[in-house]
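Trainee: For reference, the sequence and a predicted model appear below.
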Amino acid sequence: MRSIFTPPFRRAWVGNFLSDLSFSMFVNFPGFLTSLGAGEVVIGAITSVAAGAAIVARPWAGQTMDRFGRVPLIRISSIVRIGATLSLLAVGSVGPLVYVARSVYAVASAVFFTGLFTYASDVMPPERRAQGIAYYGLSGMSAATFGAALGAAVIGRFGFPALFLGMAAAELACVVVAFSLRALPDRPPLAHPGAIRTLAGERQLIPIWVLTIGFGAGYGVLFAFMRTFVDASGVGSVGLYFSTYSITAIVARLTLSTLPDRLGPTRMVKPAVLAFVAGFALLAIARSTPVLAAAAIAGGFGHAFMFPILGRLTTERAPDSRRGAALSLYTAMFDAGPLLAAPVLGLVIERAGYPAMFSATAFLVTVATAVFVVLDRRSEAVRA
């Protein structure tokens, strides 16, 4: 059995760890917006605009990587992200600059993540790809175990400017890793420029897109509103939630990562979604730290399987020559979730409170799963 942990995979793993360390610290950004006077609707709008910018960028990045290689875009995006992060030091009010800086950060992060994710997928043994994606995802989860708490500690001691400088330091290390990557000699044939349009409407991929949008909406809610939720409710802390969430996902992937490959990815979707939805149901009734921790455990367990399963299904159902385009579209669908949901759910918070918002999120993910099951069965019948 071929090894997953080759030198190119290890470099990609380290790069993703550093990238997600910056991103995990950035989970405190809504607190910065609150300090500038932004309400939940404005925070949701900023999240939505940034997600929209990332969605526009991902398909272009995927096609470009399939035509010209992964490494150049990985390097360029790693440099751009540093500039976007440092530009936040100049933000003093909720105006155009914060929208632009947040969107550029989202675009650069999206391109960097998609490029590195595709690069890692290229070097994984195909027969162990679900396990490889799970192990690759451990890099981000490892960073998330302490990134949010580290960011909160930096803010508490030195303020938000220090947070942005700390993020930039992690991103500078990403640049070093990016320039250590070497182009793979055995890339698949170049993809046709119309690959994105073809893949977006591919019948066997549409169920994946639907569920990924629901999954992305759920995770986007956590990123956009968890900080303000714990501040408003006084329940636990954002560091406690994301640390527990990430540790659970890490343990699940280390101990059960072979299940999707052994049992089949589609059979694992339902229990993963059930756990993910249970996390939001618990958040809706969270009035104490133990309940918040239980919500994080449920959500982390579901996340541990949903991302690698959906990623594997995407790579299996798309041609090798369009892998970059397919994975960029997969991650774009993940961004589409917060784009569509964040402003609406921010309004729900202002009108009905956080419990109603978390309940609405649970319902949204459940509906997306039901649509996935129905469409996938029809697609499977056609494939058969």
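Mentor: Arrived safely, thanks for sending.

Trainee: Go through the helix or strand where Gly137 lies and flag the buried ones.
Mentor: With elements delineated by DSSP states H and E, Gly137 resides in helix 129-158, which encompasses its position. Taking 16 or more other Cβ atoms under 10 Å as the basis for neighbour counts, the residues of helix 129-158 that come out buried are 129-152, 154-155. Placement of C-beta: from N, CA and C, glycine included.

Trainee: Check stretch 82-92 too.
Mentor: For stretch 82-92, the buried set under the neighbour-count rule, 16+ other Cβ under 10 Å, comprises 82, 84-85, 87-88, 91.

Trainee: which of those residues lies closest to Val111?
Mentor: Proximity of the buried residues of stretch 82-92 to Val111 was ranked by Cβ to Cβ; the top entry is Ala84 with 11.6 Å.

Trainee: Contacts only, for the closest one.
Mentor: 101, 104-105, 108 (Cβ atoms under 8 Å, 6 or more residues apart in numbering).

Trainee: Distance check, it against Phe9.
Mentor: 27 Å (Cβ to Cβ, to the nearest Å).

Trainee: Over to Thr331?
Mentor: 19 Å.

Trainee: And Tyr219, by the same measure?
Mentor: When distance is defined by Cβ to Cβ, Tyr219 is 24 Å away from Phe9.

Trainee: how about low-confidence regions in the stretch 201-350 of the chain?
Mentor: Counting by pLDDT under 70, the stretch 201-350 of the chain contains low-confidence residues at 257-258, 260-261, 264-265, 320-321, 323-324.

Trainee: Tell me where it has helices.
Mentor: Counting by DSSP state H, counting those that start in this stretch, residue ranges of the helices within the stretch 201-350 of the chain are 206-233, 238-256, 259-263, 265-284, 289-317, 323-352.

Trainee: between those helices, which one is nearest to Arg182?
Mentor: Set against Arg182 and scored by Cβ to Cβ, the helices of the stretch 201-350 of the chain come closest in helix 323-352, at 16.9 Å.

Trainee: Please spell out which residues along the closest one are buried.
Mentor: Of the residues in helix 323-352, those scored as buried under the neighbour-count criterion (16+ other Cβ under 10 Å) are 323-343, 345-349.

Trainee: Specify the angle between it and helix 289-317 in degrees.
Mentor: In this structure, helix 323-352 runs at an angle of 150 degrees to helix 289-317, with axes from the mean of the first three to the mean of the last three Cα atoms, to 10 degrees as the basis.

Trainee: Please name every helix or strand in contact with helix 323-352.
Mentor: For helix 323-352, the helices and strands in contact under the criterion 3 or more Cβ pairs under 8 Å, 6 or more residues apart in numbering; DSSP states H and E are helix 40-68, helix 96-122, helix 195-200, helix 206-233, helix 289-317, helix 354-383.

Trainee: Quick one: distance of it to the chain centre.
Mentor: Taking Cα atoms, centre = their mean, to the nearest Å, one finds the center of helix 323-352 at 10 Å from the center of the full chain.

Trainee: quick one: it to helix 40-68, angle?
Mentor: Using the same axes, to 10 degrees, helix 323-352 lies at 180 degrees relative to helix 40-68.
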